[in-house]
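**Student:** this one's sequence-less:
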């Protein structure tokens with residue numbers, strides 16, 4: 001990883017890419033990577049909202065590089081704004097331990113909505 005290529009945001013989730021998550025070529029399914037990013041978004045938005053959140057939308061998702069079996073996937077989240085909805089910039093980076101390098105594999109914008117006890121949108125508390 002060079003100085004120019006650093007993750008944006010807070011490390012929110014780390015997990016290991018396993019053979020069961022891969023296609024026959026050894027590349028990890030994009031849906032698995034996206035699910036990890038959604039989990040990280042939910043964790044960070046729940047902390048910010050101090051309560052229940054749901055995924056409302058995923059925008060601008062672009063896969064740049066594949067994730068391989070044995071890579072450690074690190075997901076970083078950065079909250080851009082929020083009132084009843086929380087917009088997060090989410091980046092997924094693969095730590096390729098075999099080669100001692102870390103590479104950005106994808107990024108996307110996730111929009112989470114804070115809900116009250118009745119399942120209706122609620123205002124996100126001030127920080």
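**Tutor:** In hand now; what should we look at? Owing to the predicted nature of the structure, the values given are computational and were not obtained by experimental measurement.

**Student:** Could you pull up the residues touching the closest residue in space to residue 44 that isn't next to it in sequence?
**Tutor:** If the residues on either side of it in the chain are set aside, residue 44 comes closest to residue 77, at 4.2 Å by C-beta to C-beta, 6 or more residues apart in numbering. All C-beta atoms are positioned from the backbone trio N, CA, C, and that covers glycine. Under the criterion of C-beta atoms under 8 Å, 6 or more residues apart in numbering, the contact partners of residue 77 comprise 9-10, 12, 40-41, 43-44, 88-90.

**Student:** quick check, nearest of those residues to residue 119?
**Tutor:** residue 41 (18.8 Å; C-beta to C-beta).

**Student:** and the longest strand that the chain contains, which strands flank it?
**Tutor:** When the chain is parsed with DSSP state E, its longest strand is strand 101-114. The pairing partners recorded for strand 101-114 under DSSP bridges are strand 53-63 (antiparallel), strand 85-96 (antiparallel).

**Student:** would a markdown table of those strands with mean pLDDT and mean neighbour count be doable?
**Tutor:** Supplementary listing: those in a markdown table, determined by pLDDT from 0 to 100; neighbours: other C-beta atoms under 10 Å:
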| stretch | mean pLDDT | mean neighbour count |
| --- | --- | --- |
| strand 53-63 | 94 | 13 |
| strand 85-96 | 96 | 21 |
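
**Student:** and the gap between residue 83 and residue 92?
**Tutor:** Distance from residue 83 to residue 92, counting by C-beta to C-beta, to the nearest Å: 26 Å.

**Student:** make that residue 25, sorry
**Tutor:** Here the criterion is C-beta to C-beta. By it, residue 25 lies 19 Å from residue 92.
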